[in-house]
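Peer 1: No letters, just coordinates:
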DNA sequence: GGATTAACGGAGATTTGCTCTCCGGTTATC
DNA sequence: GATAACCGGAGAGCAAATCTCCGTTAATCC
């Protein structure tokens, strides 16, 4: 186990890095449906090389997506550090949405398409922070009474089509529809929402179901 | 061409009807990705039979989806017949959304997944009616000034994930999120939306892009 | 009720697209 | 310059869907 192993060749190390970089780009642009061959081509390498560095597509995807998912936790905690409850919530929505708009693979992972359960490990932390962020805003009276933390997940799921539109029409278009939904989330003199929120236990189902 | 052709056999006629019925059910439940084999099985018939009645999957899908799409035109015109501009718009949203919540194939078709251009023929009529419906409401001051008719299409696209959630959690859940977005559409003392609407010519792109 | 003929059923040929392997050729390292 | 690790990419192996073929079944007509 502790054999005096010769250091990796320099081209090997360099190629591994190229592959990870290429994977980031390819998953961001084409989603997790992208092929390892696509990644190899983007990296300027052969498929064989890709498979020597990673046992399969899942492995490289997991590596890239873990990085991206962990950023969401950071976003949530930074949002909690903002004093104004509304501003904090909005900041979380905008940063996290911006990441997903720029990274199709991240959206697909967060909405449970492709079973990369790196995300399952991180999930509870995101849920905890977002719930706190939401409850703080609702207690402060800047969110309508009949909204629930689960609605945050639903809003992200619904932003998916907006991200897709943004890709083909205007990179910032999703901001328009996020703003629209946030306006709907604020208190107003309107009838209550016609259906109760999904049960909190259904959080996973909320996201996972959005694939179809 | 005008040969005295013998009338079709009764089982043949009956089977064709069974296939169309089965196709409606299967596309509604599984979307347009469903297989002709799936449809044949649902109809209790063999694949060969399905392919004798329809040259390919596209043909039977087109027939079923045309019916469903034409209903949207009816919805729009009925909504225009409602006196109150806001109520009319809401009625259109609710009826059309209800159809899509119950029919996954219809949502996919309207959002331009799968190239069933039966819909392309009907499209202009839907656009014309919905634009009128929208403008009427906006002129009446019941919709915020900075909204645009194109936003209707975007809202329908964004309901897609809500329909998916409804399928697995609560069949009426989409009504909650439609209500949320409609509340966001009403006039309120809020900053204007941060990004302009997509150009009217991009209407197709708005919907078609939502597939990914 | 038997002959005729169209329709049925479903196994499987074909196509398509992705995953992953194999091995001759190349190159970093010593 | 020798050696061992690495590279490239053709193609083998799968999986899933589309569509065909033809032996079997049954509706229709007399």
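Peer 2: Here it is on my side, so go on. Because the structure is a prediction, the values reported are computed rather than measured.
Peer 1: Surely residue A:63 is in contact with residue A:20?
Peer 2: Yes. Counting by C-beta atoms under 8 Å, residue A:20 is a contact partner of residue A:63 at 6.6 Å. Yep, even glycine has a C-beta here, placed from its N, CA and C like the rest.
Peer 1: what sits against residue A:122?
Peer 2: A:66, A:69-70, A:72-73 (C-beta atoms under 8 Å, 6 or more residues apart in numbering or on different chains).
Peer 1: typed the wrong thing, it's residue A:35
Peer 2: For residue A:35, the contact set (C-beta under 8 Å, 6+ apart) comprises residue A:57.
Peer 1: confidence score at the nearest residue to residue A:31 once chain neighbours are set aside?
Peer 2: Counting by C-beta to C-beta, 6 or more residues apart in numbering or on different chains, residue A:104 is the residue found nearest to residue A:31 once chain neighbours are left out, at 4.3 Å. According to the predicted model, the pLDDT of residue A:104 comes to 96.
Peer 1: Ok, the one 10 residues further on next?
Peer 2: pLDDT for residue A:114: 72.
Peer 1: Which single residue of chain A ends up nearest chain B?
Peer 2: Closest to chain B within chain A is residue A:184: 3.3 Å, counting by C-beta to the nearest C-beta.
Peer 1: hang on, isn't that residue packed against residue B:188?
Peer 2: No. Between residue A:184 and residue B:188 no contact is recorded; they are 9.5 Å apart, counting by C-beta under 8 Å.
Peer 1: Just want to know which of the two has more residues nearby.
Peer 2: Set side by side, residue A:184 and residue B:188 show more neighbours around residue A:184, with 24 against 14, by other C-beta atoms under 10 Å in any protein chain shown.
Peer 1: Now the one helix or strand residue A:153 maps to: buried residues?
Peer 2: Using DSSP states H and E, residue A:153 falls within helix A:150-168. Judged by neighbour count (16 or more other C-beta atoms under 10 Å in any protein chain shown), helix A:150-168 contains these buried residues: A:150-167.
Peer 1: ok, now stretch A:47-56?
Peer 2: Of the residues in stretch A:47-56, A:49-51, A:53-54 count as buried by neighbour count, 16+ other C-beta under 10 Å.
Peer 1: That one near DNA strand C anywhere?
Peer 2: Yes. Under the criterion of C-beta under 7 Å from any atom of the strand, DNA strand C is reached by stretch A:47-56 at A:47-48, A:51, A:56.
Peer 1: Flag every residue of chain A that's near DNA strand D.
Peer 2: Contact residues, chain A versus DNA strand D (C-beta under 7 Å from any atom of the strand): A:6, A:8-9, A:11-12, A:15, A:44-49, A:51-53.
Peer 1: quick one: residue A:99 and residue A:71 touch, right?
Peer 2: Yes. Applying C-beta under 8 Å as the test, residue A:99 and residue A:71 come out as touching, 6.3 Å apart.
Peer 1: Thanks a lot, see you next time.
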